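Visitor: coords below, sequence missing:
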């Protein structure tokens, strides 16, 4: 089982809809969870971080963490074409060493 | 977030030559820096972890003699691709973390093309 798994997509949603991105991880000792957005040919940028069970909201983004199910998700409300990118789920066990999933390609159609 | 500067953003070199990529943390002290490689349409793959003042730790399958990493100060780490070959062409990205934060911040990445 891979350490961090994501559906590679592509996930296609219409403009204004909610995009739901999912991620599972295998190691229960994982402590910190992140969502990064990566545009083609660019470096990843941090969108959300979450450390405890529950929801965390920041603008149009909501991260959800369920440690019992080893599941973390990202919801993007009112999706915009500019949200079209690859979304990487990342997990830290210790020492800032991020383990990335393969990423989910999101396309928001105008 | 914290700023990590990576240079150069693009480089083209001839096969057999060496290329140095710099990664600087501009507004914090990075005790740990990470070097990733990303091939087209693939995820980031961690190559090595470097801690200031000590030898880098390489991931399995990464040749330490080919990818030389130096982390001589708390704000600078370098990756040197030695005797580059076309198959080394890739997007190389550094990230840096400090004791103050748990997340790591990424440099802009370096697109290396070996011809």
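Guide: Perfect, thanks for sending it. Keep in mind that this is a model prediction, so the values were computed, not measured.
Visitor: contacts for stretch B:5-13?
Guide: A:43, B:19, B:21-26, B:84, B:93-94, B:107-115 (Cβ atoms under 8 Å, 6 or more residues apart in numbering or on different chains). Just so you know, the C-beta spots here come from the backbone N, C-alpha and C atoms, and that holds for glycine as well.
Visitor: please read the previous query as pertaining to stretch B:63-81.
Guide: B:18-26, B:29-31, B:33, B:35, B:47-48, B:50-54, B:56, B:58, B:82-83, B:88, B:92, B:94, B:96, B:112.
Visitor: now restrict the residues you listed to buried residues only.
Guide: For the contacts of stretch B:63-81, a neighbour count by 16 or more other Cβ atoms under 10 Å in any protein chain shown gives the buried set as B:19, B:21-25, B:30-31, B:33, B:35, B:47-48, B:50, B:52, B:56, B:58, B:88, B:92, B:94, B:96, B:112.
Visitor: just these: which are in strands?
Guide: B:19, B:21-25, B:33, B:35, B:47-48, B:50, B:58, B:92, B:94, B:96, B:112 (DSSP state E).
Visitor: so what secondary structure elements neighbour the least confident helix or strand in chain B by mean pLDDT?
Guide: Among the helices and strands of chain B, strand B:105-106 carries the lowest confidence by mean pLDDT, DSSP states H and E, at a mean of 87. When contacts are defined as 3 or more Cβ pairs under 8 Å, 6 or more residues apart in numbering or on different chains; DSSP states H and E, strand B:105-106 sits against strand B:90-97.
Visitor: contact partners of the strand it packs on?
Guide: For strand B:90-97, contacts defined as Cβ under 8 Å, 6+ apart pick out A:41, A:43-44, A:95-96, A:98, B:2, B:4, B:6, B:21, B:23, B:25, B:28, B:30-39, B:44, B:77, B:79, B:81, B:103-107, B:109-112.
Visitor: can you give me the angle that strand makes with strand B:19-25?
Guide: Here the directions of strand B:90-97 and strand B:19-25 differ by 30 degrees (axes from the mean of the first three to the mean of the last three Cα atoms, to 10 degrees).
Visitor: pairing partners for strand B:90-97, with directions?
Guide: strand B:32-38 (antiparallel), strand B:105-106 (antiparallel), strand B:110-114 (antiparallel) (DSSP bridges).
Visitor: which one of these lies closest to residue A:52?
Guide: Among the strands paired with strand B:90-97, the nearest to residue A:52 by Cβ to Cβ is strand B:105-106 (21.8 Å).
Visitor: centre of the chain versus that closest one, how much separation?
Guide: Put simply, strand B:105-106 sits 11 Å off its chain's centre (Cα atoms, centre = their mean, to the nearest Å).
Visitor: what are the contacting residues of it?
Guide: A:36, A:43-46, B:1-4, B:25, B:93-97.
Visitor: pLDDT check: weakest of those?
Guide: Ranked by pLDDT, the contacts of strand B:105-106 bottom out at residue B:1, which scores 64.
Visitor: quick check: residue A:73 is in a strand.
Guide: Yes. Counting by DSSP: H, G, I helix; E, B strand; the rest coil, residue A:73 is part of a strand.
Visitor: can you pull the residues of chain A lying near chain B?
Guide: Residues of chain A lying close to chain B (Cβ under 8 Å from any Cβ of the partner chain) are A:31-32, A:34, A:36, A:41-46, A:49, A:51, A:88, A:92, A:95-103.
Visitor: can you select the buried ones among the residues you listed for me in PyMOL?
Guide: Buried subset of the residues of chain A next to chain B, written as a PyMOL selection, criterion 16+ other Cβ under 10 Å:
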select buried, chain A and resi 32+34+36+43+44+46+49+88+92+96+97+98+99+100+101+102+103
